[in-house]
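1. sharing a model prediction with you, sequence too.
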Amino acid sequence: MTSPATAITDSARVDLDRQRRCGFPEVVYCEGKSVEAVEQIFEALVAAGQNAFATRASAEQSAAIQRRFPHARLNAVARTIRVPLAGEHPPVGKVAVVTAGTADRPVAEEALETLHWMGCAVERIEDVGVAGPQRLLAVVPQLQDCDAVVVVAGMEGALPSVVGGHVACPVIAVPTSVGYGASFGGLAALLGMLNSCAANVTVVNIDAGFKAGYVAGLIAKQTATVRKQQANSCG
């Protein structure tokens with residue numbers, strides 16, 4: 001039996017109740033879906049008044065959504081699509097997205113777009129990898145003011161541990177499939193991050209910018225809520 005909170009399309013059952021249960025709508029993973037399927041899912045989400053977001057979108061899928069929703073926001077580097085609602089609220093919480101190098105940017109962009117979709121304030125800090133440690137030291141004050149930090153790195157994956165030693169907030173490490181042969185498509189970075197001695201570092205899957213952004217966004221939103229409650233109780 002179909003729930004009123006489920007929209008049936010030709011190829012999907014769109015979970016319209018997820019925003020109530022989990023705080024945010026269902027996210028569209030575009031790989032393996034036809035252009036028509038992505039369009040139908042977006043139409044169902046927008047018709048339900050939900051802030052539609054998609055990851056791993058092809059150029060054809062992005063173009064089709066923008067034709068259907070001219071105000072859609074596309075990021076070709078991140079391969080994301082956002083169709084924001086009118087009258088979005090001011091951003092809350094603060095997350096920094098840090099990259100070790102320029103090659104890590106596509107994964108970082110996916111995390112950034114996810115955080116924008118979630119309504120978080122975001123700071124972008126690029127190209128501060130451990131090969132030039134002085135670059136990271138210069139931006140540490142910016143990181144110490146954050147509710148969470150997403151660190152995106154390939155090669156040996158050392159940067160999250162270094163960042164973790166400078167901040168009091170959670171650090172979400174994202175290994176990328178960047179590096180020479182012995183990096184094994186990001187596996188070396190993944191294992192290095194999992195073995196981090198920094199207690200505040202946790203790790204998501206290889207190239208999982210969306211997952212890192214989502215977890216960081218949840219942390220930031222919850223932290224902002226607690227701060228607001230404390231301010232109200234003191235007032």
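-> Okay, I see it.

2. ok, residue 74 touching residue 66?
-> Yes - the pair residue 74 and residue 66 qualifies as a contact (C-beta atoms under 8 Å) at a distance of 6.1 Å. Yep, even glycine has a C-beta here, placed from its N, CA and C like the rest.

3. which of those two has more neighbours?
-> For residue 74 versus residue 66, the count of surrounding residues by other C-beta atoms under 10 Å is larger for residue 74: 18 against 15.

4. test of understanding: give the bridge partners of that one.
-> Assessed by DSSP bridges, residue 74 has beta-bridge partners residue 81.

5. what sits against it?
-> With contact taken as C-beta atoms under 8 Å, 6 or more residues apart in numbering, residue 74 is in contact with 57, 62, 65, 66, 80, 81, 82.

6. now for the residues you listed, which pair is the farthest apart?
-> Farthest-apart pair in the contacts of residue 74 is 66 and 80; separation 12.4 Å (C-beta to C-beta).

7. quick one: the strands in this protein?
-> With strands called from DSSP state E, the chain shows them at 6-8, 13-15, 28-29, 52-55, 73-75, 80-83, 92-99, 120-125, 148-153, 171-175, 201-203.

8. nearest spatial neighbour of residue 166, skipping sequence neighbours?
-> residue 140 (4.9 Å; C-beta to C-beta, 6 or more residues apart in numbering).

9. could you export stretch 43-55 as CSV, CA atoms only?
-> As requested, C-alpha coordinates have been extracted for stretch 43-55 and formatted as CSV (Å, rounded to 0.1, in the frame of the first residue of the first chain):
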residue,chain,number,x,y,z
GLU,A,43,9.5,17.3,-9.9
ALA,A,44,8.1,15.1,-7.0
LEU,A,45,10.4,16.8,-4.4
VAL,A,46,9.8,20.3,-5.6
ALA,A,47,6.0,19.7,-5.8
ALA,A,48,6.2,18.6,-2.1
GLY,A,49,7.9,21.9,-1.2
GLN,A,50,11.2,20.2,-0.5
ASN,A,51,14.7,21.6,-1.3
ALA,A,52,15.9,19.2,-4.0
PHE,A,53,19.6,18.1,-4.2
ALA,A,54,21.4,15.7,-6.4
THR,A,55,24.9,14.3,-6.5
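
10. average pLDDT across it?
-> For stretch 43-55, mean pLDDT is 93.

11. in it, which residues are buried?
-> Going by neighbour count (16 or more other C-beta atoms under 10 Å), the buried part of stretch 43-55 is 43, 44, 45, 46, 50, 51, 52, 53, 54, 55.

12. residues in contact with it?
-> 7, 9, 14, 16, 19, 24-30, 38, 41-42, 61, 65, 68-69, 78-85, 88, 110, 113-114, 117, 210.

13. are any of those buried, and which?
-> By 16+ other C-beta under 10 Å, the contacts of stretch 43-55 give 7, 9, 14, 16, 19, 24-28, 30, 38, 41-42, 61, 65, 69, 78-84, 110, 113-114, 117, 210 as buried.

14. any idea what residue 151 is bridged to?
-> Bridge pairing for residue 151 - DSSP bridges - gives residue 98, residue 173.

15. is it in contact with residue 175, as I believe?
-> No - the criterion here is C-beta under 8 Å, and residue 151 misses it with residue 175 at 9.9 Å.

16. pLDDT below threshold where in this structure?
-> 1-4, 86-87, 235 (pLDDT under 70).

17. show me it divided up by domain.
-> 6-83, 92-223 (automatic domain parsing).
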